[in-house]
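Visitor: Sharing a model that was predicted from the sequence below.
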Amino acid sequence: MIEFRIDRRSGVATYVQLVHQVKHALRLGLLGPGDRLPTAKEVVAATALNPNTVLRAYRELERDGLVEPRQGLGTFVRKSLATPATAAGAPLRDELERWMSAARDAGLEREDVDALFQDVADAQYLTTEGVEPVE
């Protein structure tokens, strides 16, 4: 089961953080079809969020076709976002783990790695999506 972590200083709406965390877990195969999400009551107890915030996140996931509520049973995952390339032991994942280890050994902080990763991802994906990077 997923455990939500809320960063109240991030500037990102709390319900959006919940949605992103569920989608992240779906992409990595940590959640799959048939898995039950924590109830709103469980999330509220663990995070001290307003129940309406949790319900808003779950409604958005439902609108995206990722989860479905089942009366009296909870909210369940309908589909996965995982691909073979993101699974544990996949060649690209293994290569990324080696790279991250080398980056840490080279003294890069997490914020450095995040900035570098975002820069390279923007360069690779923005140009292929027809959007030119800003110089």
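Guide: Right, received. Where do you want to start? This is a predicted model, so every value here is computed, not measured.
Visitor: Please verify my assumption that D35 contacts T75.
Guide: No: counting by C-beta atoms under 8 Å, D35 stays clear of T75, with 9.9 Å between them. (Each C-beta comes from the backbone N, C-alpha and C, glycine too.)
Visitor: of these two, who's got more company?
Guide: Higher neighbour count among D35 and T75: T75, with 23 against 16, using other C-beta atoms under 10 Å.
Visitor: got the buried residues for the helix or strand encompassing that one?
Guide: Element membership for T75, per DSSP states H and E: strand 74-77. For strand 74-77, a neighbour-count test (16 or more other C-beta atoms under 10 Å) marks 75, 77 as buried.
Visitor: Output that strand as CSV, restricted to C-alpha atoms.
Guide: C-alpha atoms of strand 74-77 as CSV (Å, rounded to 0.1, in the frame of the first residue of the first chain):
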residue,chain,number,x,y,z
GLY,A,74,-12.7,1.5,-1.0
THR,A,75,-10.9,2.9,-4.1
PHE,A,76,-9.1,0.4,-6.3
VAL,A,77,-6.6,0.8,-9.1
